[in-house]
Structure formats: C-alpha cells, structure tokens
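A.B. asks: Okay, here's the prediction I keep looking at, along with the sequence it came from:
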Amino acid sequence: MKIRTKVIGWGILVLIICITMYLLGVRQQFIYYLKEQYPKKSFKVGMVVVDILYDKYYANIICREDQTEFYIRKYFSNSKIDDNYWEAKRKKQNTEKSKALFKDTMIEQYISHVSLIESKIELTDKSYEEINISLVEKCNHIDVMAEILKMLTVSNIKVANIHFTYEKTQSVYEVQLNTSDELTKEDIESKVIKIK
C-alpha cells in the first residue's frame, strides 16, 4: 500500500514538473515573439494560463516603456501567436484623452465615466466617432448634457454620436446626441429614453 502511494505521489510530481516545463516553453515563445514584433520595447511577461474553454494559452503583458497592459495568446490547434498591444495602447490613450477632455471643468464632478472611440479616418485630433458619458445620479442631467454639448462645440470638438446614460429614481436613462445638433434643453429632454 505504501509503495503504491509513493508511486502515485511521484507520478503526480513528474506530471506537474512536465506541465510546468511545457508552460515555461510557451512563455519563452511569447518572449521571443514580443522581441521579434517590438524590438525597441521591453515587456514584463506574466505566467502562462491554459484556457481549456477557448483552446488557447495566454499571458498578461505590461510594456515597460508606456505601461500598456495587454495579452498575448496562442491556440492549441496551431502555432500562430498574436497579441492586442496596439488595441490596448489606443484604448489607454483614449482613456487618458477622455479624462483630459473634462478635467478641471465645472461639469467634471457630474461625470462618473467617459470613454472615446476615435474616428476611423481622423482628420484632426478633435474628431471622434463616439463618446460614451455616464453621469452621476444626483445632478440636473439635462443641464449637464446641455453644458457638455456647449463645451464640445466651443472647443470645436466634433462627435458623431454622444451617448449619455444615467440613473435616476431606480431607473436607467439614455440619450443619443451629436455635436452637429443645435439643441435646446427642451430638445435634449425630448430625446431621453428610459431603458430600465
């Protein structure tokens, strides 16, 4: 009985060592890929995770130069490796831009979250496909939306779609606007839709 237990214990230990060595090999492939794709950058590579549900290995990565966090992956079925560095970097830059858009303004206190989607064809640095803005619950939402529209227009920022959401009295509301609309507060109020 003791010999059988020892054999099973050694078998499990050998299996764990083999899996660890294999995953370290995948991690080395990720490191080599990153050096090849981005020779002027250095990265901190996390541990490799096995995702059985999606048939892939992946690791979280941080670029040391710009602190962009992204992932790298490799599927079980083929040896192709890919990453989302540029997408994550663009998203990070948009988050920084969106924070700067309303920073140090009187309406900053009424905004709980802002995200930007830049135009595919960018003519200027002030052209966006979409801005999603979540407002805090305790404010005059119509006044804040009117002020945001005015502020964007005065700053000559063009937005094809401004998507506002907010909660009020246990309900969720949304409003779709754009900077080319010249709307009064009454016009804005007429566009409010209760979604929940």
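C.D. replies: Thanks, I have the structure now.
A.B. asks: Can you list the buried residues in the top helix by length along the chain?
C.D. replies: Criterion DSSP state H: the longest helix present in the chain is helix 2-37. Buried positions in helix 2-37, judged by neighbour count with 16 or more other C-beta atoms under 10 Å: 23, 26, 27, 29, 30, 33, 34. C-betas here are computed from N, CA, C, even on glycine.
A.B. asks: Tell me the gap between that helix and the middle of its chain.
C.D. replies: 32 Å (C-alpha atoms, centre = their mean, to the nearest Å).
A.B. asks: just stretch 88-108 next, same as before
C.D. replies: Worked out by C-alpha atoms, centre = their mean, stretch 88-108 lies 13 Å from the chain centre.
A.B. asks: outside of that stretch, which residues touch it?
C.D. replies: Stretch 88-108 has contacts (C-beta atoms under 8 Å, 6 or more residues apart in numbering) with 63, 66, 68-70, 111, 114-118, 131, 144, 147-148, 151, 157.
A.B. asks: Now with 6 Å, please.
C.D. replies: Contacts to stretch 88-108, defined as C-beta atoms under 6 Å, 6 or more residues apart in numbering, come from residues 68, 70, 111, 114, 115, 116, 144, 147.
A.B. asks: List only those of these flagged as buried.
C.D. replies: Buried among these (16+ other C-beta under 10 Å): 68, 70, 111, 114, 116, 144, 147.
A.B. asks: Please consider this matter closed, and thank you.
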